[in-house]
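Chemist: below: sequence and its predicted model.
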Amino acid sequence: MKLTVNREKVEPKFLYYVFSSPEKQNEILANGIGAAVPGFNLGQLKKQKVKLPELSVQRWIVRNLESLDKKINHNYRINQTLEQMAQAIFKSWFVDFEPVKAKIAARQRWQALQPENEPASPVCYAAEFDEPPAVGDLESYMNRAAMQAIAGKTAAQLDALRAEDPERYQELYETAALFPSAMQESELGEIPEGWEVTPFEKLAKLDSSSIKPSENPEKIWEHYSIPAFDAGKAPALDAGASIKSGKYKVKKTSVLTSKLNPSTSRVWWPEPIDNEAAICSTEFMQFVPRSEKLRAFVAGMISSAPFQAGVIASVTGSTGSRQRAQPKQVAKMDVVAPCEALALRYARQVRPLFTAQAKNISQSQKLAELRDTLLPKLLSGEIIPVATEK
């Protein structure tokens, strides 16, 4: 139902917060019509009573609540960017193989520019490709091309980086050197030479250790559920008494991905406050990396389009709303694995992105709790601006 307010009496956002409040939501639920599918109609809406302070006070309340919402939304946008960055790097390195292809193209350029039967010389390509004369061997030339693909920089920008930050330049060079310079055939198509096709379970173990939170009814559990994910990726804090079904124990280094309706990708990097109180819905598949150092790599792989396509391919169920992936089938799914050194490089580079996301989520959760605590106090008049106190 759409409300059009009298702006001489009501600030629209104030009314939004009124109807968002737990008190008003509970009042609406209590007056719902129908047993099987409760509803709330226009006649009932017209009878709703709303306590309206002065317009200036309404606006003051909105400013206070809106400032918290804006910070929560800002954190959400930052996390979207961080997630996109991690996924873009994984896609470039391990799906599109861009550094490998850059090396292959560089070798072809090198070979095309070499005079027949003469030793390789940096002079023959330096001018055309803007490479420094010091790079005079094929391997270095290919690594420079891979560095450009990895960093998204021109040759001139790489030279500037070498002068300004030699440690960063050397790290980038070492990363480029880890990529092969040729492709090979595999059952999954062309992949970089020396990489292997392996079942995913060799990288991460499917863990379904179960627990019954209801056996500890007073305990507050960090509940990683589908609704909590969709509401902002912050675990719900639920008492054991309110959790009726069994759950999975969340492991410290796990990565979660939804098996329910996997066409909507839900990949979660848990950072529990209390690992003994962390649980997740059985609608998630929990994968624990064989090596803790590779957690970020495993998270990147699970988030990747090829992996999620494989999860969707394992689905059973005829209805679109209740489809489920098969965890054991997903665990055995073939994936492309690079050398461990390169996987570790990726993990070290993107782990700060995942941990930053977790910190932003935690901060947003605290801001939301503060907002929800302030909301009834502001709406009831318990907290008022100093200028309006009697």
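Modeler: Received it, and whenever you're ready, just let me know what you need.
Chemist: show me the strands in the protein, by range?
Modeler: Listed in chain order, the strands found in the chain under DSSP state E are 183-184, 191-192, 196-199, 204-206, 210-211, 220-224, 236-239, 247-249, 255-258, 267-268, 278-280, 284-289, 334-337.
Chemist: nearest the middle, which residue of this protein would you pick?
Modeler: E83 (4.5 Å; CA atoms, centre = their mean).
Chemist: model confidence score at that one, please.
Modeler: Predicted confidence (pLDDT) for E83: 94.
Chemist: tell me which helix or strand of the protein sits lowest on mean pLDDT?
Modeler: Lowest mean confidence among the helices and strands of the chain (mean pLDDT, DSSP states H and E): helix 123-129, at a mean of 39.
Chemist: now distance to V18 and mean pLDDT too, for the strands of the chain, in a markdown table please.
Modeler: Every residue, glycine included, has its C-beta placed from N, CA and C. Shown next, in a markdown table, are the strands of the chain (distance: least, CB to CB, whole Å; pLDDT from 0 to 100):
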| stretch | distance to V18 | mean pLDDT |
| --- | --- | --- |
| strand 183-184 | 62 | 97 |
| strand 191-192 | 58 | 97 |
| strand 196-199 | 54 | 97 |
| strand 204-206 | 46 | 97 |
| strand 210-211 | 39 | 96 |
| strand 220-224 | 28 | 96 |
| strand 236-239 | 24 | 93 |
| strand 247-249 | 35 | 97 |
| strand 255-258 | 34 | 97 |
| strand 267-268 | 33 | 96 |
| strand 278-280 | 34 | 97 |
| strand 284-289 | 35 | 98 |
| strand 334-337 | 51 | 97 |
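Chemist: which one of these lies closest to V95?
Modeler: V95 lies closest, by CB to CB, to one member of those: strand 334-337, at 8.3 Å.
Chemist: mind listing what's buried in the closest one?
Modeler: V335, V336, A337 (16 or more other CB atoms under 10 Å).
Chemist: I figured the second one hits E190, correct?
Modeler: No. The pair V336 and E190 does not pass the contact test of CB atoms under 8 Å, sitting 10.2 Å apart.
Chemist: contacting residues around T4?
Modeler: T4 is in contact with no residue at all, counting by CB atoms under 8 Å, 6 or more residues apart in numbering.
Chemist: ramachandran coordinates for it?
Modeler: Main-chain dihedrals, T4, degrees, to the nearest 10: phi -110, psi 120.
Chemist: from L45, how far out is it?
Modeler: Note on T4: its distance to L45, by CB to CB, to the nearest Å, is 12 Å.
Chemist: what's stretch 92-101 in contact with?
Modeler: Residues outside stretch 92-101 that contact it (CB under 8 Å, 6+ apart) are 146, 149-150, 176, 179-183, 191-192, 300-301, 304-306, 336, 338, 342, 346.
Chemist: buried ones among those?
Modeler: Applying 16+ other CB under 10 Å to the contacts of stretch 92-101, the neighbour count classes 146, 149-150, 176, 179-181, 183, 191-192, 300-301, 304, 336, 338, 342, 346 as buried.
Chemist: V50 and Y17 touch, don't they?
Modeler: No. Using CB under 8 Å, V50 makes no contact with Y17, being 10.9 Å away.
Chemist: between the two, which has more neighbouring residues?
Modeler: Per other CB atoms under 10 Å, whichever of V50 and Y17 has more neighbours is Y17, with 21 against 11.
Chemist: give me the neighbour count for the nearest residue to that one once chain neighbours are set aside.
Modeler: Spatial nearest neighbour of Y17, excluding adjacent residues (CB to CB, 6 or more residues apart in numbering): L65 at 5.6 Å. Counted with other CB under 10 Å, the neighbours of L65 add up to 22.
Chemist: select, out of the strands of the chain, the one closest to H74.
Modeler: Closest approach to H74 among these (CB to CB): strand 267-268, 20.9 Å.
Chemist: partners of that closest one, with directions?
Modeler: Paired neighbours of strand 267-268 in the sheet (DSSP bridges): strand 255-258 (antiparallel).
Chemist: before we move on, back to that, can the strands of the chain go into JSON lines with extra columns for distance to R324?
Modeler: Listed next are those as JSON lines, based on distance: least, CB to CB, whole Å:
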{"stretch": "strand 183-184", "distance to R324": "35"}
{"stretch": "strand 191-192", "distance to R324": "30"}
{"stretch": "strand 196-199", "distance to R324": "21"}
{"stretch": "strand 204-206", "distance to R324": "14"}
{"stretch": "strand 210-211", "distance to R324": "17"}
{"stretch": "strand 220-224", "distance to R324": "17"}
{"stretch": "strand 236-239", "distance to R324": "22"}
{"stretch": "strand 247-249", "distance to R324": "15"}
{"stretch": "strand 255-258", "distance to R324": "9"}
{"stretch": "strand 267-268", "distance to R324": "16"}
{"stretch": "strand 278-280", "distance to R324": "15"}
{"stretch": "strand 284-289", "distance to R324": "10"}
{"stretch": "strand 334-337", "distance to R324": "21"}
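Chemist: helices of the stretch 51-200 of the chain, residue ranges please.
Modeler: In the stretch 51-200 of the chain, the helices defined using DSSP state H, counting those that start in this stretch lie at 55-90, 98-113, 123-129, 138-151, 155-164, 166-177.
Chemist: and those helices, which is most packed in?
Modeler: helix 138-151 (a mean of 21; mean count of other CB atoms under 10 Å).
Chemist: what's that one in contact with?
Modeler: With CB under 8 Å, 6+ apart as the test, helix 138-151 has contacts from 92-93, 98-103, 105-107, 110, 120, 125, 131, 135, 153-155, 157-158, 161, 172-173, 175-177, 179, 181.
Chemist: and that helix, how far from the chain's centre?
Modeler: 29 Å (CA atoms, centre = their mean, to the nearest Å).
Chemist: before we move on, what about stretch 58-69?
Modeler: With CA atoms, centre = their mean, you get 29 Å for stretch 58-69.
Chemist: which other residues reach that stretch?
Modeler: Taking CB under 8 Å, 6+ apart as the rule, stretch 58-69 contacts 10-11, 13-14, 17, 52-53, 367-368, 370-371, 374-375, 378-379, 385.
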